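Novice: Can you look at this prediction? I've put the sequence above it.
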Amino acid sequence: MKVLNVEVVLNREKGIQQAESEQDILKKLDDRTESYAILSHRWGVEVTYEEMIGFMTMEERKRDEVRNRYGYEKIIKGCEQAKEDGYEWLWIDTCCIDKRSSAELSEAINAMYRWYQNAEVCYAYLNDVDKAVFPTEPDPSKFDQSNGWPEWFSRGWTLQELIAPKQVKFFNKDWVPIGNKQHLAPVLTDITEIPRNVLTGGLAGKRLSVAQIMSWAAERKTERVEDRAYSLMGLFGVNMPMLYGEGESAFRRLQLEIIKETSDHSIFAWEPRMPRTGSVLAEDPSDFWGCGYIRKVEPDDFGDKLAEYIEWKELGNPWHIQRNDRRISTNPLHWCRLAWLRWRARSLSQQLRTFTVSNAGIQVCLPVIPLPDSPSHCRAILACTRIFDFGLATVDLVSSGSSFDRIREIDSTFTTYPEFKTLHLTHHQDVNEKRREFTLDDKHASHHGFIRCGTYPRELRGNAVALSSLTDGLVVIVYANKDARSRFAVGLGYYLGQGWVHVVCDEPSSAQDDDWTVFGDRAYDRMWEARAKHAQSMPKRKRVHHSDHFTKHLHLPRSIWAARVVWGRWDIGNFKVMVDVEQCPGCCDGPCEWTTTDGDCGDIGVPGLMKTVRGSHSLRLDGWEARFEKCSGQRVALGDYGDYSGGVLIRTGNIFEDMRTHGIDSEHSTYCPVASRVDGRWRWRNQDNVTVAWHAIGDRHLALRQPKGISLPANDSTVLLLKALSIRLAGKHLVTTIIQCSEFYEVDKDGKRSDSGDGRDIDSTIHHRNSTSLATTPGLRTTKGTIQEHSRALLCAREHASACRSRSASRICQ
């Protein structure tokens, strides 16, 4: 280590001697053999290493600026105190480390605890204490940024600077001595929660748990997030390279280094203020807040402690008799099981004290209790206990493939005996798995006068919210129609790795009685208590390569409205939720179960979500897969709706005709049909204008000459139009896309024509004329020889087109 020459520094300041080099002002010495003092302080405007050694050679103006700094005064005062105490050398972190050298900085940080430990005395300079006595009571008005105590006690690095030195002297801002560590130990214990025997005698020989030591740093802060980990290395006797820029990964690396040196299970016993799932390692020291009373249990004692835990929790459902305040088991089988578990714990003593770290996780042997109704969840019992709580500490886990993730405490009763198992615990959380994005689409709820009042307990940014997979979050969105005195709340949540959605309503009598936040608070509490039930009730995807849509319907009491939620998950990890309001006859009672519709992942744009009716022939419209069936004996127009069965659409109306009846301009550009490019599985060689519609079974493929697709526009105006027509469209099928061609015929798999030539003599000139008119005049019937694709089903009035998507079949008209 490099230390300041106290005499040279003071003489240089007095002008008696001018130091010309680093060797004059700084000296390398062995901390194990030399006597020196050391300074602990809060950083301000400091003097650097290069400024200290070049002080006498810099310009006078620069030298005066350095001399007037707060940090330079500390150096002089520190040297004066060291000289008064008889020390020749003084170490100060600001000017004794050449931070331009990453190697020197890393060496200093790894050795710093030892340097403080080997120092004869440490001067703790409290720059915010102006009185001549040490504060013995918290003063929040004076020290409002540090829990009512001097700021020195809130910093990360000063923790080791308090514990490591044999002697610590405290000074106020004027360098007046105000006490030492030995005499102030009771007060220091109150401030830091560090036991008195550790303050007076150090860490050596103490049976301290990892969680207990971590708890001392739980509320301390550092300028750089990495230093929260680096400042603790000496307390645990570990070393690791400095990687500034790694962020929170530094604390994960620290824990892995500790695991290599100890078998203390308390490193897994942290309890974050915001519960989360994922890695069994804590994110930062604050997760260990409140863990100061955790004590580790040695492997030789673990069997007896485990038996006590089983008796306390009444695992195995043993028979008991009550004697005074004790319950005593009367089941011989229970006694035998406890004896066997004690023997098992002793025989596994070596495995219990051994951790192995690999990319598969942290391998550890633990007794685990499976959750009765979910074998993938379990409770692991750790070899550590809290002195104010009877029983061993536990963590709840969930299987995620070959490893186990930590989850928040399961609100369930465990009843079976524990079993010893070797587990691989997750120690690395993929950054992409830490967040779940919920995208909300509620723009059509306002069609019936319902507006989004707000979200609880936190605001929603735009139409998306990220819920952490590590915290099991919940956000509630409140909607209300003041005129109808009706409102409902939709909850977006994440629990045990499962995203979930639920909807609840409020009674009309209370809709105007209180603010929406009161209702939001009630809805939040209601959903939070039932979050496990909601997560378990969420529907699962039936097919990996298909998109699923799930719908839940809730009638709003004493109204003609129903709230409707549509849930979709198109990719791993992220969710899409649609909230809508629709007219409801009131035949339903309470929230219905989730209903499911499914279709291909890829799909052409359609106005809203519709139920799928799949066809037997496939084409691609603008690259999206589409299915249809061969039609015969009917003509179909874009926008037709009616009853569809067995490949036949019985027309009952047309949305463009209905628009004219209601005075809506059907020729407005908003409702103009959209043309699509049609592709098949292949094109005939030397026949570029022929596209083949592939039949799923057999050789009944269709050859289409010059095909062209025309569809309803997939925009908000069309969706709102369908909402307005939802009563007419209830239970009907809607034609959203038609395909025109100049000729079609059946072919086999080799491309040979196999039909009688129906459609061969279709007038291509007439087709082209009608094709043009269809693109500009919605509602015209198609000519003979067109293909009607995607007869889309509308559900009943409770499940109309704007809320639930699907696809249907279509046929060739002959």
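Specialist: Great, that's in hand. Owing to the predicted nature of the structure, the values given are computational and were not obtained by experimental measurement.
Novice: May I ask you to name the longest strand in the chain?
Specialist: The single longest strand within the chain, with elements called by DSSP state E, is strand 374-386.
Novice: Which positions within that one qualify as buried?
Specialist: Buried residues in strand 374-386, counting neighbours by 16 or more other CB atoms under 10 Å, are found at His377, Cys378, Arg379, Ala380, Ile381, Leu382, Ala383, Cys384, Thr385, Arg386. Quick note: C-beta positions are derived from backbone N, CA and C, even for glycine.
Novice: which helices and strands sit right next to it?
Specialist: strand 294-296, helix 299-313, strand 361-371, strand 392-400, strand 403-407 (3 or more CB pairs under 8 Å, 6 or more residues apart in numbering; DSSP states H and E).
Novice: Next, format those as a markdown table and append mean neighbour count and distance to Ser666.
Specialist: Output for the helices and strands packed on strand 374-386, formatted as a markdown table (neighbours: other CB atoms under 10 Å; distance: least, CB to CB, whole Å):
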| stretch | mean neighbour count | distance to Ser666 |
| --- | --- | --- |
| strand 294-296 | 22 | 73 |
| helix 299-313 | 18 | 71 |
| strand 361-371 | 21 | 59 |
| strand 392-400 | 21 | 54 |
| strand 403-407 | 23 | 55 |
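Novice: got any ranges where the stretch 401-550 of the chain has weak pLDDT?
Specialist: For the stretch 401-550 of the chain, the stretches with pLDDT under 70 are 429-435, 468-472, 496-497, 507-514, 541-548.
Novice: Which parts of it are helices?
Specialist: 516-529, 531-537 (DSSP state H, counting those that start in this stretch).
Novice: Could you do the stretch 551-700 of the chain as well?
Specialist: According to DSSP H, counting those that start in this stretch, the helices that the stretch 551-700 of the chain contains are 655-661.
Novice: Might one say that Trp175 is in contact with Gln81?
Specialist: Yes - Trp175 is within contact range of Gln81, at 6.8 Å (criterion: CB atoms under 8 Å).
Novice: The two: who's more crowded?
Specialist: Higher neighbour count among Trp175 and Gln81: Gln81, with 21 against 15, using other CB atoms under 10 Å.
Novice: related to what we said a few turns ago, pick the most buried one from the helices of the stretch 401-550 of the chain.
Specialist: helix 516-529 (a mean of 18; mean count of other CB atoms under 10 Å).
Novice: from the middle of its chain, how far away would that one be?
Specialist: Mean-position distance between helix 516-529 and its chain equals 22 Å (CA atoms, centre = their mean, to the nearest Å).
Novice: ok, now stretch 125-143?
Specialist: Computed by CA atoms, centre = their mean, the chain-centroid distance of stretch 125-143 equals 40 Å.
Novice: Export the helices and strands packed on strand 374-386 to a markdown table and append columns for distance to Met578.
Specialist: Shown next, in a markdown table, are the helices and strands packed on strand 374-386 (distance: least, CB to CB, whole Å):
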| stretch | distance to Met578 |
| --- | --- |
| strand 294-296 | 47 |
| helix 299-313 | 45 |
| strand 361-371 | 33 |
| strand 392-400 | 29 |
| strand 403-407 | 29 |
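Novice: Nearest to Arg705, out of the ones you listed?
Specialist: Nearest of these to Arg705, taken as CB to CB: strand 392-400 at 54.0 Å.
Novice: quick one: contacts of that closest one?
Specialist: Applying CB atoms under 8 Å, 6 or more residues apart in numbering, the contact partners of strand 392-400 are 265-266, 268-269, 277, 280, 294, 297, 305-306, 309, 368, 376-386, 404-410, 423, 425-426, 496-497.
Novice: repeat that with 6 Å
Specialist: When contacts are defined by CB atoms under 6 Å, 6 or more residues apart in numbering, strand 392-400 is touched by residues 268-269, 305, 309, 376-382, 384-385, 404-407, 409-410.
Novice: Equivalent analysis for stretch 440-447, please.
Specialist: Stretch 440-447 has contacts (CB under 6 Å, 6+ apart) with Asn463, Tyr479, Val577, Met578, Val579, Asp580, Val581, Lys723, Ser802.
Novice: cutoff 10 Å now
Specialist: Contact with stretch 440-447 is made by 450-452, 455, 460, 462-465, 475, 477, 479, 481, 488, 490, 492, 563-566, 568, 575-582, 608-609, 716, 719-720, 722-724, 802-803, as judged by CB atoms under 10 Å, 6 or more residues apart in numbering.
Novice: Buried residues, it. List them.
Specialist: The neighbour-count check on stretch 440-447 (16+ other CB under 10 Å) flags Leu440, Asp442, His444, Ala445 as buried.
Novice: Can you give me the first-to-last residue distance of that stretch?
Specialist: One end of stretch 440-447 to the other measures 16 Å (CA to CA, to the nearest Å).
Novice: Same question for stretch 420-439.
Specialist: Terminal residues of stretch 420-439 are spaced 43 Å apart (CA to CA).
Novice: thinking again about what came up before, got TSV for the helices of the stretch 401-550 of the chain, with distance to Asp98 too?
Specialist: TSV is the format used below for the helices of the stretch 401-550 of the chain (distance: least, CB to CB, whole Å):
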stretch	distance to Asp98
helix 516-529	54
helix 531-537	54
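Novice: and Ile38, which of these is closest to it?
Specialist: Among the helices of the stretch 401-550 of the chain, if distance is taken as CB to CB, the winner is helix 516-529, at 50.9 Å.
Novice: for the closest one, packing partners?
Specialist: strand 451-456, strand 474-481, strand 486-495, strand 498-505, helix 531-537 (3 or more CB pairs under 10 Å, 6 or more residues apart in numbering; DSSP states H and E).
Novice: ok, residues contacting the first one?
Specialist: I take that to be strand 451-456. Outside strand 451-456, the residues that touch it by CB under 10 Å, 6+ apart are 440, 442-443, 445-446, 460-461, 463, 465, 474-482, 487, 489-492, 515-524, 579.
Novice: tell me the angle it makes with strand 486-495.
Specialist: If you take axes from the mean of the first three to the mean of the last three CA atoms, to 10 degrees, strand 451-456 sits at 40 degrees to strand 486-495.
Novice: Strand 451-456 pairs with which strands, parallel or anti?
Specialist: In the sheet, strand 451-456 lines up against strand 474-481 (antiparallel) (DSSP bridges).
Novice: Which of the helices of the stretch 401-550 of the chain sits closest to Ala693?
Specialist: Ranking the helices of the stretch 401-550 of the chain by proximity to Ala693 (CB to CB) places helix 531-537 first, at 40.6 Å.
Novice: Would you mind pulling up the elements that that closest one packs against?
Specialist: On a contact count with 3+ CB pairs under 10 Å, 6+ apart, helix 531-537 meets strand 486-495, strand 498-505, helix 516-529.
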